[in-house]
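Engineer: only geometry, no sequence info:
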């Protein structure tokens, strides 16, 4: 019953946050003068508590070659701090690139003679680490990665000497479980349906002694939908139980089947190694050099539909379950650099607060992760927590595989005997429910299965982290998207709670932004509206800490070839040391210094219901309320209509006292709109032609408040003392 009441409460909160129980968004109407809106603050019981200097922070990430030094100059750090954000989370770009992170350039190789193998950075204290790099994986399996996306799969690179190999830490030697629990797989996307009746696997060593070859019955197995009933279906002759490796030809069926996606599902490693080795990891997992998939005609000729090219843009797209973190000194990737851990944690960026730091999980080793935390503890840096991995769901890792790697890192960290908080997995944004292929019981919930594994392993899971980037189409009109923001976040968080994420641990939104892609909306007014709406909704939905992505200054980009922009508060100028303050900067200032009181004291967050006329979109205005330590009530009001002013009336409902009251005395009004900010769209030379401080004026509580089109407004004042 408690879970049922909690779910009902969340549904009600989602309605408050969206301003309506109606799920469909109406089209924005044409301007006809101000439209009325009524905000009713339910004052009887707060839904959350927030210490803004600790709960509202920013994220610091890796960047392109040579950029960190310019981004993090003393002058720029001072500008960043002036936005008012508190704590910092360190993001791990190398993990998204499918690379091993040498968080300390000093360290040891498992094969020091040949400068290759498995790397462990040095945990001893020496010179401060100011910059660090990732190393490409020569046994990479995925064609696509989530960073620069400039690598390629070794399964389809046409090189008989290269190979993909799965992560040895998923073998039973490390997990203590049968290998059937963590079957490894390769998915081949032929790009379009092709007639398939045979396949040739060029095995590496170790090879899989047992495997199944399957085809997908639906559209796309890598992007699942809630109502999908598609499945992997075994070919008539697609199962092998006694493979001996080498170059293996398999006739899958007599008649060719029209197939786009194939999967090779593997278990039971041969435990062999190509070269003599004393390192058990060289003999664990499975390895494949190349895969040919196609049709054998009536004359016995094989027609291969796989494009074998060492170029991600031209090769057939390959997805894999995991990748071996083995690499060489020559694999260093200077195109991606991480700011040094010492540089960040010793800088003023931290505001003297504990930092949320990552360790690599998917493409790293537990030994290297443990060395990192030992180093940070030796330096006596205050740590908010250790986030294990980054976006494993977005990199197609199965929940059980990620959870097994998580558990191994937790086990190693536990040996340190330190009281550090451990969590993750920094889920990427998703719609409705985060799904994966069904397990034996039919469970398709990624997060539920991950948590089940972590609980069974008796691992610490001290906080939960996720990311929120709801709008992939950065080219589309922002106005309809902005109306959906609170509802989408509410649906996402409700789904995660339904899937079993505990409500008794902190929830961290470790990144948020309008889109994962760069575009104009992020540097124009919509970006400011989105950020404010997201923070207000997150806190009303009982989130703990929110970290804004794009904290450091950056350059414009045009990722989808439709507009120039970026997730950033401050814009670097190619020919000047001066940075431009962007809309997201002013939104952060409004939230941290005007809506919230910039203090280490607790603010109470209260739900707000917004009622509007039928002639306007029901979610055009969002309002969020806090009662501050200085006893002032502050409302954050967001008008998401691009052309019409809203006329907002405010009521505070004390149901226990059967009273409805308004502000008493003058009201401080702080506002951000096109009167303060205008973006000049000029391709790569775009910049704000108006970038003014927030407007401050007095408001009369006896009348309504005007919210300009596309604006943020804080209303702050005291209530009459009637008790």
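Structural biologist: Done, it's in. Since the model is a prediction, treat every value here as computed from it, not as a measurement.
Engineer: what stretches of the protein score poorly on pLDDT?
Structural biologist: Along the chain, segments meeting pLDDT under 70 span 1-32, 615-617, 722-723.
Engineer: Please, where are all the helices along it?
Structural biologist: 2-18, 52-55, 67-71, 74-81, 93-96, 172-175, 341-345, 366-378, 399-414, 446-456, 478-498, 520-523, 525-540, 583-589 (DSSP state H).
Engineer: among these, which is nearest residue 301?
Structural biologist: helix 399-414 (38.3 Å; Cβ to Cβ). C-beta here means a position set from N, CA and C on the backbone, and glycine is covered the same way.
Engineer: Remind me what that closest one packs against, helices and strands.
Structural biologist: For helix 399-414, the contact count by 3 or more Cβ pairs under 8 Å, 6 or more residues apart in numbering; DSSP states H and E identifies helix 172-175, helix 366-378, strand 383-388, strand 422-427, helix 446-456 as packing neighbours.
Engineer: circling back: now the helices of the chain in CSV, with mean neighbour count and distance to residue 465?
Structural biologist: Below are the helices of the chain laid out as CSV (neighbours: other Cβ atoms under 10 Å; distance: least, Cβ to Cβ, whole Å):
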stretch, mean neighbour count, distance to residue 465
helix 2-18, 16, 19
helix 52-55, 22, 14
helix 67-71, 18, 23
helix 74-81, 15, 22
helix 93-96, 25, 13
helix 172-175, 18, 24
helix 341-345, 21, 18
helix 366-378, 20, 16
helix 399-414, 23, 12
helix 446-456, 20, 12
helix 478-498, 21, 11
helix 520-523, 27, 22
helix 525-540, 27, 13
helix 583-589, 26, 20
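Engineer: Out of those helices, which is closest to residue 227?
Structural biologist: helix 478-498 (14.5 Å).
Engineer: Show me what the closest one is packed up against.
Structural biologist: Looks like helix 478-498 contacts helix 2-18, strand 463-468, helix 525-540 (3+ Cβ pairs under 8 Å, 6+ apart).
Engineer: Would you state the strands of the stretch 151-300 of the chain in chain order?
Structural biologist: 164-165, 184-196, 198-203, 208-216, 232-240, 247-251, 257-269, 287-296 (DSSP state E, counting those that start in this stretch).
Engineer: Contacts for the shortest one next, please.
Structural biologist: Residues from elsewhere that reach strand 164-165 (Cβ atoms under 8 Å, 6 or more residues apart in numbering): 139-141, 153-155, 186, 204, 285-288, 318, 320, 323-324, 326.
Engineer: Check the second one too.
Structural biologist: Outside of strand 184-196, the residues that reach it under the criterion Cβ under 8 Å, 6+ apart are 141, 155-156, 164, 166, 170, 208, 215, 221-222, 252, 256-267, 285-286, 288, 291, 293-295, 305-306, 316-322.
Engineer: Look up how far residue 558 lies from residue 643.
Structural biologist: Look at residue 643 and residue 558: by Cβ to Cβ, to the nearest Å, they are 27 Å apart.
Engineer: Looking at those two, which one has more neighbours?
Structural biologist: residue 558 (18 against 12; other Cβ atoms under 10 Å).
Engineer: hang on, the more buried one packs against residue 522?
Structural biologist: No: the pair residue 558 / residue 522 is not scored as a contact, 11.9 Å apart, by Cβ atoms under 8 Å.
Engineer: Could you tell me which residues touch both of these two?
Structural biologist: Contacts common to residue 558 and residue 522, judged by Cβ under 8 Å, 6+ apart, are residue 565.
Engineer: Got the phi and psi for the most far-flung residue of the chain relative to its centre?
Structural biologist: Largest separation from the mean C-alpha position in the chain: residue 299, at 51.0 Å (Cα atoms, centre = their mean). Residue 299 has phi and psi values of phi -90, psi 0 when expressed as degrees, to the nearest 10.
Engineer: Residue 717 contacts residue 661, correct?
Structural biologist: No: taking contacts as Cβ under 8 Å, residue 717 lies outside contact range of residue 661: 11.3 Å.
Engineer: the more surrounded of the two?
Structural biologist: residue 717 (20 against 17).
Engineer: what are the bridge partners for the more buried one, then?
Structural biologist: residue 633 (DSSP bridges).
Engineer: One more: residue 682?
Structural biologist: With DSSP bridges as the rule, residue 682 is bridged to residue 684.
Engineer: separation between the spatially closest residue to residue 377 that is not a sequence neighbour and residue 380?
Structural biologist: Spatial nearest neighbour of residue 377, chain neighbours left out: residue 418 (5.8 Å); criterion: Cβ to Cβ, 6 or more residues apart in numbering. In this view, residue 418 and residue 380 are 11 Å apart by Cβ to Cβ.
Engineer: In terms of neighbours, single out the busier of those two.
Structural biologist: Set side by side, residue 418 and residue 380 show more neighbours around residue 418, with 12 against 7, by other Cβ under 10 Å.
Engineer: Just the buried ones from the contacts of strand 184-196, in ChimeraX syntax?
Structural biologist: Buried subset of these, written as a ChimeraX selection, criterion 16 or more other Cβ atoms under 10 Å:
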select :141,155,156,164,166,170,208,215,221,252,256,257,259,260,261,262,263,264,265,266,267,285,286,288,291,293,294,295,305,306,316,317,318,319,320,321,322
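Engineer: Now do the same contact list for residue 55.
Structural biologist: Residue 55 is in contact with 86-87, 539, 544-546, counting by Cβ under 8 Å, 6+ apart.
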